[in-house]
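**Q** quick one: sequence and predicted model below, then my questions.
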Amino acid sequence: MWTVVYMATGLESAMEVENRLKSEGFLVKRKFFSKEGEYELYEILAPEFEAQDVQLALLDLGII
């Protein structure tokens, strides 16, 4: 099962987060969530079994 590990504003930002996590060896994917005015929101998803590790990587990479 996939779980949301991060919400990104804008496609460019979502792609950057996705690529950085993939370069760290994580299996992640990006999914459009909604549009809020001018802003598009994207979910960054990871398999549930490694979601905690992905969130730690997001911290280590300075993303969150």
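**A** Here it is on my side, so go on. Numbering: from 1, shown residues only.
**Q** and the strands in this protein?
**A** Taking DSSP state E as the test, the strands found in the chain are 2-9, 29-36, 39-47.
**Q** buried ones in the longest one?
**A** Neighbour-count burial for strand 39-47 flags 40, 42-46 (criterion: 16 or more other C-beta atoms under 10 Å). C-beta here means a position set from N, CA and C on the backbone, and glycine is covered the same way.
**Q** do stretch 6-25 as well
**A** Buried, per 16+ other C-beta under 10 Å, within stretch 6-25: 6, 8, 13-14, 17-18, 20-21.
**Q** residues contacting that stretch, please?
**A** Residues outside stretch 6-25 that contact it (C-beta atoms under 8 Å, 6 or more residues apart in numbering): 28-30, 33, 39-44, 46, 54-55, 57-58, 61, 63-64.
**Q** hmm, try it at 7 Å
**A** 28, 30, 33, 39-44, 54, 57-58, 61, 63-64 (C-beta atoms under 7 Å, 6 or more residues apart in numbering).
**Q** that older thread, want to throw the strands of the chain into CSV with mean pLDDT?
**A** Listed next are the strands of the chain as CSV, based on pLDDT from 0 to 100:
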stretch, mean pLDDT
strand 2-9, 97
strand 29-36, 95
strand 39-47, 97
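**Q** and the buried residues of strand 39-47 as TSV, adding distance to residue 2?
**A** Shown next, in TSV, are the buried residues of strand 39-47 (distance: C-beta to C-beta, whole Å):
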residue	distance to residue 2
40	20
42	14
43	9
44	10
45	4
46	7
